[in-house]
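In: What shape does this take:
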Amino acid sequence: MQVQEKLFIGGEWVAPSGPDTIEVVSPATEQVIARVPDPTPADIDAAVTAARLAFDEGPWPRLDPAERIAAVHRLAALYKAGRKELTGLITAEMGAPVSFAKVGHVAIPMFLMNAFTGIAENLAWEERRPGFYGQDILVRKEPVGVVAAVIPWNMPMFLTIGKLVPALLAGCSIVLKPSPETPLDAYWLAGLLEQAEIPPGVVSILPAGREAGEYLVAHPGVDKVSFTGSTAAGRNVAASCGANLKRVSLELGGKSAAVVLDDADPATTAKGIEIAGLMNSGQACVAQTRVLVPRSRYAEYVDALAAMVETLPTGDPTDPATQIGPLVAQRQQDRVRGYIEIGQKEGARLLVGGTDLPAGVDRGWYLRPTLFADVDNSMRIAQEEIFGPVLSVIPYTDQNDAIRIANESDYGLSGSVWTTDVDRGLAVARGVRSGTFGVNEAYSMDPAAPFGGVKASGIGRELGKEGI
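Out: Model prediction:
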């Protein structure tokens, strides 16, 4: 069992101010695999103080952007060399199937670092404009200050890098608060930051629970909050930041739609929705769990989706063949089971899966991937974020009806359309109110594109030049 005794505050390893620890439990075995310190408010104060000093008096925000870019290049090189170790840590702490962890959890954050440095190298840090009164105006991009970044457990390294690297490139100092379920990858990254010679005070990493997150968000030394998590928690973060006139970005929940047009191939579409709807065992805010199919070919698409879901290998996340691993915690397993029962009570037709454990599994927080047909968009399983491997198939009559159904949601984070006619697909994409939308794409989250939601899916944008 791994035991970490110190906290990473301001680029240094220091003893925690309190005795409490966080137990890291394997979702696959239900065994404790690590213990790490549980930071106190005093530890958070120390991290914010270090960040404040680094920003107000230190060299980091005053460096030429090229020097900050060079530091991120050093970090990226160290990251690349340690990818195998990181894959194992993420699979162990949150149960991501190793086949997905290698790409979604580990490779894509490396792509993000490379993309961000490329964007920063070509960014206009100063812009000269002709003024209305005859004199030129110089508009300069300045770092916002001390950033507090709150990161959930489902995509810990991807979301960490998506917040950390733009902040570093912009010249900010940052305090990261990863989830208590996933501290191991965060500590691994802290070791790399130390080796990358980031100046003192610029980065702190404090895995902790909700109370610590609330304390950090409300801290008077923080200038900007970047939060990823549930919509309910995001409302509280927004209220706290509003009360203190603090800048805030919120990337929240989703209940996205995959719109299948009547010219799409059923098997090809089902394969795409396997990724779009069930990636990371369904634990993704961008998961497209509402699958909208035309009534005219309803049975064909339902059959193809059922065949796909039925044959997904489910079990040990360390097995390269596994596609669906355990859920992160028993509370998550209970939540998803509850929604499956709700779907049956609401009258949806359960085609594949259900509340039973997969065959051969006698421990761990597993559920079989589940497919409901004959779902009405007003049902709770179509309106509420389940955050597990559950898909709902919803019929529509024509293209306008599909757009209407896709928009009948409190959320607006992602989505896709599947068709052989790209122009027709773009027409659907333009009609759906969502932060991002793919045409014949399972959802790649291109690091060059701005990412974020509308409606209850959040405010602000990450990734792309907008992220910096």
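In: Asp446 - how many residues pack around it?
Out: By the criterion of other CB atoms under 10 Å, Asp446 has 15 neighbours. Every C-beta, even on glycine, is put in place using the N, C-alpha and C of the backbone.
In: Could you measure from it over to Gly464?
Out: According to CB to CB, to the nearest Å, Asp446 and Gly464 sit 8 Å apart.
In: just Ser378 next, same as before
Out: Using CB to CB, we find Ser378 at a distance of 35 Å from Gly464.
In: Between the two, which is the more surrounded one?
Out: Remark: of Ser378 and Gly464, Gly464 carries more neighbours, 18 against 9, as counted by other CB under 10 Å.
In: ok, the residue nearest to the more buried one when sequence neighbours are not counted - contacts?
Out: Excluding its sequence neighbours, the residue lying closest to Gly464 (CB to CB, 6 or more residues apart in numbering) is Pro450, at 4.3 Å. By CB atoms under 8 Å, 6 or more residues apart in numbering, the contact set of Pro450 is Arg461, Glu462, Leu463, Gly464, Glu466, Gly467.
In: Need the residues that contact stretch 63-72.
Out: 60, 113, 116-117, 120-121, 123, 125, 165, 168-169, 171, 196-198.
In: Which one of the residues you listed is nearest to Ala34?
Out: Ala196 (23.8 Å; CB to CB).
In: wouldn't the closest one be in contact with Leu75 here?
Out: Yes. Between Ala196 and Leu75 a contact is recorded at 4.2 Å, counting by CB atoms under 8 Å.
In: quick one, which of those two is more surrounded?
Out: Per other CB under 10 Å, whichever of Ala196 and Leu75 has more neighbours is Leu75, with 23 against 20.
In: Wait, a helix at the more buried one?
Out: Yes. The assignment for Leu75 (DSSP: H, G, I helix; E, B strand; the rest coil) places it in a helix.
In: Please name the residues that touch it.
Out: With contact set as CB under 8 Å, 6+ apart, Leu75 has these partners: Met113, Val165, Leu192, Leu193, Ala196, Ile198.
In: neighbour-wise, which of the residues you listed leads?
Out: Neighbour counts for these peak at Val165, which has 25 neighbours (criterion: other CB under 10 Å).
In: related to what we said a few turns ago, would you reformat the contacts of Pro450 as JSON lines and include distance to Gly18, pLDDT and secondary structure?
Out: Formatted as JSON lines, the contacts of Pro450 follow (distance: CB to CB, whole Å; pLDDT from 0 to 100; DSSP: H, G, I helix; E, B strand; the rest coil):
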{"residue": "Arg461", "distance to Gly18": "37", "pLDDT": "96", "secondary structure": "coil"}
{"residue": "Glu462", "distance to Gly18": "32", "pLDDT": "96", "secondary structure": "strand"}
{"residue": "Leu463", "distance to Gly18": "36", "pLDDT": "95", "secondary structure": "coil"}
{"residue": "Gly464", "distance to Gly18": "40", "pLDDT": "94", "secondary structure": "helix"}
{"residue": "Glu466", "distance to Gly18": "38", "pLDDT": "94", "secondary structure": "helix"}
{"residue": "Gly467", "distance to Gly18": "34", "pLDDT": "94", "secondary structure": "helix"}
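In: Sounds good, over and out.
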